[in-house]
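>>> Return atomic coordinates for the entry below.
(one chain, ligands or ions: 1)
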Amino acid sequence: MTADRPGPLAHLDPSQPPRSLVCFPDPLRDDPALEAFLQQASDRLCQWWAGSEQRSPLPLLSVLPEAAPLQQGLSPDALLEDLQLVMDGAYNPAHPGAMAHLDPPPLTASVAADLVCAGLNNNLLAEELSPSLSRLERSLTTWMAEQLGLGETAGGVAASGGSLSNLMALVVARHQAGLASRQDLSVFCSADAHVSISKALMVMGLPKGCLQAIETDAEGRLSCEALAEGLLAAERAGRAVLAVVATAGTTVRGAIDPLAAISDLCRRHGVWLHVDGAIGAVFGLSQSHSQLVPDLDRADSLTVNPQKLLGITKTSSLLLLKRPELLAACFGTGLPYMEPSWADAHGGECGLQGTRPAEILKLWLGLRQLGRDGIESLLQGALDRRAELQRQLSVLPLTLRSGPLHLLAFTPSHLEAHEAEAWSVQTRQRLLEQQLMLSRPFYAGRHHLKAVLGNPNTRSTDLAAVASVIQDSLLP
Ligand SMILES: *Cc1c(COP(=O)(O)O)cnc(C)c1O
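Residues are numbered from 1 along each chain as shown. I've put the predicted structure just below:
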């Protein structure tokens with residue numbers, strides 16, 4: 001450090017005027033003011049995490065800073081103060097009582113990777129804009145697809161969320177079947193499938209009637225008998241079937257559709273099988289848990305959302321395919337202003353997104369941080385918490401809805417639907433008063449409360465506190 005260049009924290013000295021922050025990194029020398037700024041932003045983040053348990057999972061409405069830029073740009077300190085105001089009002093996923101949704105605290109290495117990703121500002125659109133990162137995406141999606149059983153020649157692409165992965169899967173299925181000009185199509189999925197499937201059909205310009213929801217069994221799994229009938233009926237009516245969408249981990253209860261039997265039906269009818277494994281497919285990465293989501297290898301395409309349980313910072317989703325070359329065959333339009341791809345196709349030719357960040361970086365670094373053991377124990381911890389809460393709730397007069405994963409929904413057995421709604425509102429509020437946050441899904445005709453047990457900070461005492469509030473809520 002030279003005399004004319006103050007140290008990183010020099011501008012914090014009240015006797016010195018605040019140093020201004022450069023708007024773009026200096027390409028020639030390191031910049032202590034920039035380092036201090038990034039350091040202070042990350043210090044605030046670390047303090048925000050460290051104070052998680054002092055704040056509710058769901059903060060009260062907070063003061064927001066002004067939205068519009070002022071005439072003059074702000075000083076680094078003013079920027080940090082503004083940032084702090086937004087942080088103070090943010091959802092707080094690291095709180096041990098945060099059990100409402102599929103939004104765990106962030107894996108620390110993926111936070112660092114996200115920062116570096118932003119700093120590199122590469123573009124997965126084309127390889128000349130992301131040379132190392134394009135290759136990393138290709139090798140990690142190939143690895144992931146192989147791990148999940150799709151075979152050595154399988155692969156895929158990262159997407160900003162599972163909704164986009166599901167949409168791309170259906171667009172590829174339609175393209176490879178040569179059905180792009182038809183409207184009289186059917187897509188079968190279970191009544192418990194994610195809303196992103198119907199959204200996808202809407203974006204694809206297909207009429208509402210194309211989506212045929214198949215009933216589920218008592219465990220929330222797609223009924224194969226009903227699917228078989230539906231496929232036969234479509235065949236008799238001369239309707240082409242675009243795809244069957246099976247769900248590996250439904251959103252309310254984590255049910256796993258019977259993939260082998262569904263796949264047999266698909267093969268008999270020559271129909272594409274897309275598996276929406278946004279919640280469940282990560283269990284296939286662990287030897288000791290892969291039997292919870294059997295037969296993922298039957299999928300033609302598979303959605304995986306590492307953002308949901310592994311804690312990879314949002315967004316992190318992959319669309320994996322047995323035949324990844326179908327992506328560019330479907331989405332490729334040519335990028336005449338780019339140098340040719342040195343492999344199969346540019347990132348921007350393999351999906352709907354053009355310019356996109358290298359979201360693969362935080363997934364890769366996060367998985368490397370966890371290691372196979374870490375993945376295993378993260379999954380096991382979530383399952384253990386589910387079992388522990390389920391044990392405590394099972395002695396109460398509740399209807400429990402679960403599957404083999406880490407989700408557990410429940411509703412009082414003895415109440416009418418409208419009473420169950422009032423119960424769910426009041427009980428969620430009582431839980432929140434104790435800094436315990438559950439969600440309130442409407443499922444099977446009535447309101448439930450739902451716990452998602454993917455938060456590694458949740459302790460036995462938190463689960464006992466939930467059970468105790470629920471028990472009190474059921475007293476006459
Ligand atoms: C969350 C979820 C999705 C959608 O993923 P996003 O990342 O929220 O777009 C799709 N399918 C299932 C089963 C999900 O739970």
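
>>> Around the ligand, pick out the residues from this protein.
102, 161-163, 166, 194, 196, 247, 249, 251, 276, 278-279, 305, 317 (CB under 6 Å from any ligand atom). The way it works is simple: take the backbone N, C-alpha and C, and place the C-beta from them, glycine included.

>>> So which of the residues you listed is the closest to Cys46?
Distance ranking of the residues of the chain next to the ligand against Cys46, using CB to CB, places Leu102 first at 24.6 Å.

>>> Was I right to think the closest one contacts Leu309?
Yes. The pair Leu102 and Leu309 qualifies as a contact (CB atoms under 8 Å) at a distance of 7.0 Å.

>>> Compare the two and say which one has the larger neighbour count.
Ranked by neighbour count (other CB atoms under 10 Å), Leu102 and Leu309 place Leu309 first, with 27 against 19.

>>> you'd agree that one is up against Ile279?
Yes. In this structure, Leu309 is within contact of Ile279 by CB under 8 Å, at 7.2 Å.

>>> Between these two, which contacts overlap?
Shared contacts of Leu309 and Ile279, defined by CB atoms under 8 Å, 6 or more residues apart in numbering, comprise Leu102.

>>> Can you give me the neighbour number for the closest residue to the ligand within the stretch 101-250 of the chain?
Nearest residue of the stretch 101-250 of the chain to the ligand: Gly162, at 2.5 Å (CB to the nearest ligand atom). Residues within reach of Gly162, counting by other CB under 10 Å, total 25.

>>> Look up the closest residue to it, ignoring the ones flanking it.
Using CB to CB, 6 or more residues apart in numbering and skipping residues adjacent in sequence, the residue nearest Gly162 is Ala278, 3.8 Å away.

>>> what's the answer for Ala154, then?
Nearest residue to Ala154, sequence neighbours excluded (CB to CB, 6+ apart): Ala145, at 3.6 Å.

>>> Could you look up the SS state of that neighbour?
The local conformation at Ala145, judged by DSSP: H, G, I helix; E, B strand; the rest coil, is helix.

>>> coming back round to it: now do the residue of the stretch 101-250 of the chain closest to the ligand, the pLDDT please.
On pLDDT, Gly162 comes in at 98.

>>> Quick one: residues contacting it.
His194, Ser196, Asp276, Ala278, Thr303, Asn305, Lys308, Ser317.

>>> do Ser223 as well
Ser190, Ile214, Glu215, Thr216, Asp217.

>>> biggest separation within those, which pair?
Spatial extent of the contacts of Ser223 (CB to CB) is set by the pair Ile214 and Asp217 at 10.4 Å.

>>> from memory Leu140 sits against Gly366, does it?
No. Applying CB under 8 Å as the test, Leu140 and Gly366 come out as separate, 10.9 Å apart.

>>> ok so, going back, show me the contacts of Gly162 that map onto strands.
Those of the contacts of Gly162 mapping onto strands are Asp276, Thr303, Ser317, per DSSP state E.

>>> From those residues, keep the buried residues only.
Buried by 16 or more other CB atoms under 10 Å: Asp276, Thr303, Ser317, out of those.

>>> what pairs with the first one across the strands?
Meaning Asp276. Taking DSSP bridges as the rule, Asp276 bridges to Thr247, Thr303.

>>> Next, the contact list for it, please.
Taking CB under 8 Å, 6+ apart, one finds Gly162, Asn166, Cys189, Ala193, His194, Ser196, Ile197, Val245, Ala246, Thr247, Ala248, Thr303 in contact with Asp276.

>>> related to what we said a few turns ago, looking at the contacts of Gly162, which is nearest His406?
Among those, and counting by CB to CB, the member closest to His406 is Lys308, at 10.0 Å.

>>> ok so, going back, using CSV, lay out the buried ones among the ones in strands among the contacts of Gly162 together with distance to Leu58.
As requested, these are arranged in CSV below (distance: CB to CB, whole Å):
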residue, distance to Leu58
Asp276, 28
Thr303, 28
Ser317, 25
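
>>> Now the helix ranked longest in the chain: buried residues?
If you go by DSSP state H, the chain has its longest helix at helix 360-393. For helix 360-393, the neighbour count (16+ other CB under 10 Å) marks 360-367, 370, 375-376, 378-379, 381-383, 385-386, 388-390, 392-393 as buried.

>>> list the residues that contact both of Leu102 and Leu309?
In contact with both Leu102 and Leu309: Ile279, Gly454, using CB under 8 Å, 6+ apart.

>>> what's around the residue of the stretch 201-350 of the chain found nearest the ligand, how many residues?
Closest residue of the stretch 201-350 of the chain to the ligand, CB to the nearest ligand atom: Ala278 (3.5 Å). Using other CB under 10 Å, Ala278 has 29 other residues around it.
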